[in-house]
Every structure is written in C-alpha cells, then in structure tokens.
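Asks: make a model of this:
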Amino acid sequence: MNRQNKQKSYFLFIISSFILFCFSACSMRAEQNSLTSQFETIDALISQNQMQSAIKELKKTEKRVYDSWSYIGIYKRYAQIGETISAEKLLKKALKKNSQNSELLAVYTNFLIRNNRNEEAKKVAEKLKGSKYASLYSEIILKEALEKAKTENVYSFFQDEQFYQIYMDAYEGSKNPIWIRNCAVYDVTHGLYGQASLLNPPAYSDADDAFFWALVLYDAGKFDYAVSAVEKSRKFLNDYNNKSLFKTSFIQQVALESDAYMALSEMENAEKARQEIVLNLDNLKLRKTDEELLPVILANSAIWAGNQGMDDNCADLLFYIVNHWPDYVPALIMYSEFAYKSNLERKEDTEIKALRRAGIASLEMEKYDNRRKIPLSDAMYRMDEALKRNADPYLSIAKMDLRYKTDSSLSAKDKYRDLWKMLENNYVEGEKYHMLLVQYAVSFLISAKYYEDAWDLFHMYVVDHGTYNDKEGFWEQFVKQLKYYDLPIVEIGGWFAADQKRADEAIRIYEYCVYESSGLLEDGLISQNVSTASCMNLADIYFSIGKKSKALDLYGKAAGRESNNARRANIFYRIACIYAADGDIKNALRSAEYASSLYPENERASILKDKLKANPIQLSQ
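Replies: Below is the predicted model of the structure:
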C-alpha cells in the first residue's frame, strides 16, 4: 500500500472511530437521562407512600444499572423504605461485578456496621485501607479496641503502635483534630518530637487545639512556630466570653509564650507577654491548673526586673510570691539573695566620704541610700518555716549558703569542716550524695581554692553514678556517659577538663552542654538550660585554639539569651578583646562601649574602651 492510500485508510479509521464514539456517548447520555427520570419516578412514589409500586420500579431499574453510582442510588432508596434484604443483595451483586470499587465497599461496610455485623464489616473494610474511606476500617478497629480496653489501662492500651495508622486514617476521613493529635501524642511519648511537629495541621479548630500544637512545636524546638500557635490559641480564647469552655487558660498560654520567646533569646518579648499578667494580678481568675504556673511566671519577671536594675519591681514581685506561695523554693532563694545583696554596703571613694561628712548627698547617693532592702532575718525566717513543712535539699543548701555569706565569725576552715559534715550526714546508701549538695560543695571548694578536694568529690560522685572500668581512662569513659548525668554535673566536668588541660575532652563536654543537652540537635541552637558561664567557657576555648569566628558566634548567641546586664557586659567585653586582637578596632571599640553602657561598673570594659580611643594602633599590634 502506497503512502497516500495509507493516509486515506488512517483518516477513514479516525472518522469511523469518532462516529462510533459519538453514537456511544449519545447512547450513554440517553441512558443516564432515562435512569435519572426513573429515579425521579421512584422518589415520587416513596413520597406518596406507595411503597410496593416503588419496590417494583426499583426491581425494574436494577436490570438497567451499569455503574457503581447507579447501584448506590438504588441501594439508598431500598434503605430509605426499609428493604434491608434487597439493599444488601443489590450491594453484593454490584461488588461481584466490581469487587475493588472503593465507593461500593465503603457503602457496604457502613451498612454492616450499622447492622452491628462488625466481623463481616472488618473483612470488607480491610480493602479500604489506604483509601479515602479508610476511616471506616478505623472505626471498626477502635470499636473492637474499646471492648478490649475495658480490662486494661486505657491510656497505655491506645498508645500502642498498632493504632497509629488507624488514627491517621480516622483523621483523613473525618478531619476531626482529635485523631491527628493522638498520632502526635504517640510520637512525643516515644521521643519523636520532630515527627510529631510535622503533623501540625494548616488550621486549628479551637483554643485547645492550637495550644496542643504549640506544646508539640515547643518540644520539637520549633519555638517561632510555637509562638504563632499560642497567639492563635489566645485569639480563639479572646473571642469567647465563656472561657471555661476550653481546658486551656490564659495563664497557660502566657507561660508557654514566654518560654518560647526565651528559647528564641527574645527576652524583651518574653517579659512583654508576662506583663499582661503582672499588671493584672488583682483581676486574674485562676483555675487549679494555674496555681503552679503563676509563681513561675512572676519569678521570671522578678529575674528580668533584677537583671535590668529595677530593684523595686523585683522586690515587689518577690514579696508577692513568697506571701502567696510560701513554699515555692525558687522564689524563697531569690528572696534570700535579694536580702543579702540589698544589705551589702558598697565601698565608697574619698569624694563620696567627704560629701557625707559635709552633710551633702548627690542624687545618686540619695538613690543608693533609699534603695529597697529586705531584712536578712525575714529571709532566714521564711526559709526556716518552709523547711519545717518540706525538707527541700535545694532550700537547705541556699540557707547554708546565706549563713556562710553573712556569718563573719565563720572562717574558711569552719565552712570547709561544716560542708564535709553536711555531706556525711546526707550520704544515703544507694543514692550516695544528693546531686544538688555535690554541685554546691564542689563549687564552694573551687571558689575557696580547695581544688584537690573539689576534684576528689566530683570524681567520687561521677564514678558512683556511672559505669567505669580500670582499662580505659576516666575522661574517655566520662565523655561517653554525658547524657546520663544532670547538666550541672557535666558542666563542672567541663571546668575540670579545661583546668587539667584536657582540651579535646573539654571541647566535647562543653559542646554537649551548649548544643546537645536539650536533645534538640538543630545546628547552632543553644540548649535552653545550659549556663551562660559554660557558653563563655566554650567560646574562650574556641578563641584559644584559633577558631575566632566560632567564638564570636557563640559569644553573640550567649549575649542574646542573657538578660543580666552585668553578664552581658562581660560577654561584650570579651568580644571586644577578640576584635582588638584581630586588629578590628572599629568593632572592638563598639563592643567595649556597649559593654560599658550596659554595666558601667565593668572596669575592664571601661579601661579597654579608653585605651582603644587613646591609642588604637598600638593596641592592634
């Protein structure tokens, strides 16, 4: 066949195919129109209560049905008039023709469930797993599980891994937020925080739903997203006059929002959130769940005020807390620290002494003389009373520390003997020494320059609470077990490693403390509970081994998360030193000036600032 004939044949084939398709499509449309007309007739008979006539018409229509939706249309009408047997027969007939049709399977599963034939329904619904109707299978499984759970712990039973996909399918089918939250709870309880956060839905249903996801996002280290979720939760709550409709309270929202902002090193925003409570203490309506959170929020505001030099605000908040929650240990300790500091008398230079002898006082002197004071006796009394009600080890240590600082009759040797006696009295077989007591004792011994005793106590505690052998060195084994110790003990270990010139071990220990101890391993994210001192020590080590950029980066992050102006000033002073050593006088001077403005009593920053201004070239050499 030549090319021209081939083209003609091909053209004729297309024409004939098109004509056949047109006839077929026209036939289908006519049949569909006829079926629709038949359904309208049946619906009219049902509405007129002519059931027998409706059944006859349905039987006739069955013979003409060709697709799943038409079968479902007939089924619905059988079900409507109570013809259960005919309805089921029809569905079985339809499934024989198309056993994998998800719509028919879903309708039949639903039919079986409504007739309490769960075992049959389960077999049919298994084919729906992974489809958009998978929630029907979930419903059957959960019904079975409810029966089994009656004899077991309900919470642990439904946290079994077998239910994870069931919950997911139930959510996909219903969009009920409870189901997806069940999946997130499973992930969180198994430490899969990142996976849980990925389930965060695009929209929230109410204040409780938004707050739940804010908690999940916070635990996953996605603090900015947590703030956003809390804000949405607050909007939901504000839109309702009856706040009791929700489990989430205003206090809970502020507590989480404040913590998230602090984790982001946005201290001012954290305090701004807390101020909504601080400024409205007299108008708050507290729930039982708020009683534990409120003193924490107020204590954080007191810390902020103290760090900003706002002593009156700090004292007011502390006084409020210890009066309303007399056994809240963190506030009692802060109260005692404020009492100690407020009763210290500063050293005055000859100029101020001369003014006092002349009966003259400057505004600064008047401000100092009229500073807010808390009697030491009141602080000690409150701690004694709280210890009578609850022998808290942390409070016991704070009381001992206050006595050490205020009793001038006690020598360093007296304190040394007293401390070891307390350690012996608190030695419990099995528990050994209490971590808080060891932490305090080691810190005290280091500050008193009893370095050998401090090391012996630290070493003994660590070995008692770990797994060690004689084959490997102590530091090698300690580094492998960091996650099993409380963070303050690990931080002390970092100090000892640095003191013993174990540079590699010191870096590893401090990097664990600074970047890994929270369990959130996001690159560059500082762990929430690590001390500023540990951040600065690691930055110092980085600088000493030539890693200037890493040192500056860590110093900057440490300064951002620190609200105490004295410590922030010290950080910026160290940043200024790095810039000066590198010959970057402009940034060195800027950092030194900022350090001096933050805390004018930082003499090193002031001296460096003056040197940079006076002779910048010599300093850079």
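
Asks: SS state for Y368?
Replies: helix (DSSP: H, G, I helix; E, B strand; the rest coil).

Asks: find the residue closest to it in space, skipping its chain neighbours.
Replies: Distances taken as CB to CB, 6 or more residues apart in numbering place R346 nearest to Y368, at 7.3 Å, with adjacent residues excluded. From N, CA and C alone the C-beta is placed, and that goes for glycine too.

Asks: swap in E601?
Replies: A566 is the one closest to E601 (CB to CB, 6+ apart), at 7.5 Å.

Asks: low-confidence ranges, the protein, go.
Replies: Within the chain, the stretches with pLDDT under 70 are 1-33, 144-160, 426-433, 616-621.

Asks: and if we set it to 50?
Replies: 1-32 (pLDDT under 50).

Asks: returning to what we had before: what's the neighbour count on the residue nearest to Y368?
Replies: 8 (other CB atoms under 10 Å).

Asks: so it: helix, strand or coil?
Replies: coil.

Asks: now the closest residue to Y171 other than its chain neighbours: which helix or strand?
Replies: Using CB to CB, 6+ apart and skipping the chain neighbours, the partner closest in space to Y171 is W179 (3.7 Å). Per DSSP states H and E, W179 falls inside helix 177-189.

Asks: hmm, who's touching that helix?
Replies: With contact meaning CB atoms under 8 Å, 6 or more residues apart in numbering, helix 177-189 is reached by 138, 158-159, 161, 163-164, 167-168, 170-171, 193, 195-196, 199, 201, 204-205, 209, 212-213, 216, 219.

Asks: returning to what we had before: how about the residue nearest to Y368, phi and psi?
Replies: Phi and psi for R346, reported as degrees, to the nearest 10, are phi -80, psi 160.

Asks: surely it meets R371?
Replies: No - assessed by CB atoms under 8 Å, R346 is found out of contact with R371, at 10.2 Å.

Asks: if we can go back for a sec, moving C-terminal of the helix holding W179, what's the next helix or strand?
Replies: Helix 177-189 is succeeded, C-terminally, by helix 193-197 (DSSP H and E).

Asks: show me which positions of that following helix end up buried.
Replies: Y193, A196, S197 (16 or more other CB atoms under 10 Å).

Asks: same check, this time on stretch 357-377
Replies: I374, L376.

Asks: start to end distance for it?
Replies: Length of stretch 357-377, first residue to last, CA to CA, to the nearest Å: 30 Å.

Asks: helices along the stretch 251-400 of the chain, start to end?
Replies: 267-278, 293-307, 311-324, 329-342, 350-357, 363-369, 376-389, 393-406 (DSSP state H, counting those that start in this stretch).

Asks: ok, and what's touching the fourth one?
Replies: Just to be clear, that refers to helix 329-342. Contacts of helix 329-342 (CB under 8 Å, 6+ apart): 295-296, 298-299, 302-303, 306, 311, 314-315, 318-319, 321-322, 325-326, 371-376, 378-380, 382-383, 386, 392, 394-395, 398-399, 402, 405-406.

Asks: buried subset of those residues as a ChimeraX selection?
Replies: Those of the contacts of helix 329-342 that count as buried under 16+ other CB under 10 Å are selected in ChimeraX with:
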select :295,296,298,299,302,303,306,311,314,315,318,319,321,322,325,374,376,379,380,382,383,386,392,394,395,398,399,402,406
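
Asks: what's the neighbour count on the nearest residue to S301 once chain neighbours are set aside?
Replies: Among residues not flanking S301 along the chain, R274 sits closest, at 4.7 Å (CB to CB, 6+ apart). By the criterion of other CB under 10 Å, R274 has 20 neighbours.

Asks: ditto for A354
Replies: 11.

Asks: so what's it up against?
Replies: By CB under 8 Å, 6+ apart, A354 has no neighbours at all.

Asks: and H459, how far from E452?
Replies: 10 Å (CB to CB, to the nearest Å).

Asks: more neighbours: the two, which one.
Replies: Comparing H459 with E452 by other CB under 10 Å, the one with more neighbours is H459, at 15 against 9.

Asks: check which helices and strands the helix or strand harbouring that one sits against.
Replies: Assigning secondary structure by DSSP H and E places H459 in helix 451-464. Counting contacts by 3 or more CB pairs under 8 Å, 6 or more residues apart in numbering; DSSP states H and E, helix 451-464 packs against helix 435-447, helix 474-480, helix 487-499.

Asks: was I right about the residue nearest to E601 contacting E603?
Replies: No - look at A566 against E603 with CB under 8 Å: they stay out of range, at 12.0 Å.

Asks: more neighbours: the two, which one.
Replies: A566 (13 against 10).

Asks: between the helix or strand that contains that one and helix 293-307, how big is the angle?
Replies: Following DSSP H and E, one finds A566 within helix 565-581. Orientation check (axes from the mean of the first three to the mean of the last three CA atoms, to 10 degrees): helix 565-581 against helix 293-307 gives 50 degrees.

Asks: and the next element down the chain from helix 565-581?
Replies: Beyond helix 565-581 toward the C-terminal end (DSSP H and E), the next one is helix 585-598.

Asks: one step back: tell me the buried residues in the helix holding W179?
Replies: P177, W179, I180, R181, N182, C183, A184, V185, Y186, D187, V188.

Asks: could you dump it to PDB, C-alpha only?
Replies: Extracted C-alpha coordinates of helix 177-189, given in PDB (Å, rounded to 0.1, in the frame of the first residue of the first chain):
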ATOM      1  CA  PRO A 177      -8.400  17.100  65.100                       C
ATOM      2  CA  ILE A 178      -8.600  14.600  68.000                       C
ATOM      3  CA  TRP A 179      -7.300  11.800  65.700                       C
ATOM      4  CA  ILE A 180      -4.200  13.600  64.400                       C
ATOM      5  CA  ARG A 181      -3.500  14.700  68.000                       C
ATOM      6  CA  ASN A 182      -3.500  11.100  69.000                       C
ATOM      7  CA  CYS A 183      -0.700  10.400  66.500                       C
ATOM      8  CA  ALA A 184       1.300  13.400  67.800                       C
ATOM      9  CA  VAL A 185       0.900  12.100  71.400                       C
ATOM     10  CA  TYR A 186       2.300   8.800  70.300                       C
ATOM     11  CA  ASP A 187       5.300  10.400  68.600                       C
ATOM     12  CA  VAL A 188       6.000  12.700  71.600                       C
ATOM     13  CA  THR A 189       5.800   9.900  74.200                       C
END
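
Asks: so how far is that helix from its chain's centroid?
Replies: Distance of helix 177-189 from its chain centroid, counting by CA atoms, centre = their mean, to the nearest Å, is 15 Å.

Asks: could you give the number of residues near E257?
Replies: Other residues close to E257 by other CB under 10 Å number 25.

Asks: contacts only, for it.
Replies: V227, V230, E231, R234, A270, A273.

Asks: show the buried residues in the residues you listed.
Replies: By 16+ other CB under 10 Å, the contacts of E257 give V227, V230, R234, A270, A273 as buried.

Asks: of all those, which two lie farthest apart?
Replies: R234 and A270 (15.1 Å; CB to CB).

Asks: can I get the buried residues of helix 177-189 in CSV with distance to A581?
Replies: CSV is the format used below for these (distance: CB to CB, whole Å):
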residue, distance to A581
P177, 56
W179, 59
I180, 54
R181, 54
N182, 56
C183, 53
A184, 49
V185, 52
Y186, 52
D187, 48
V188, 46
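
Asks: for R403, give me its contacts.
Replies: Going by CB under 8 Å, 6+ apart, R403 touches L410.

Asks: quick check: it vs I360, distance?
Replies: 38 Å.
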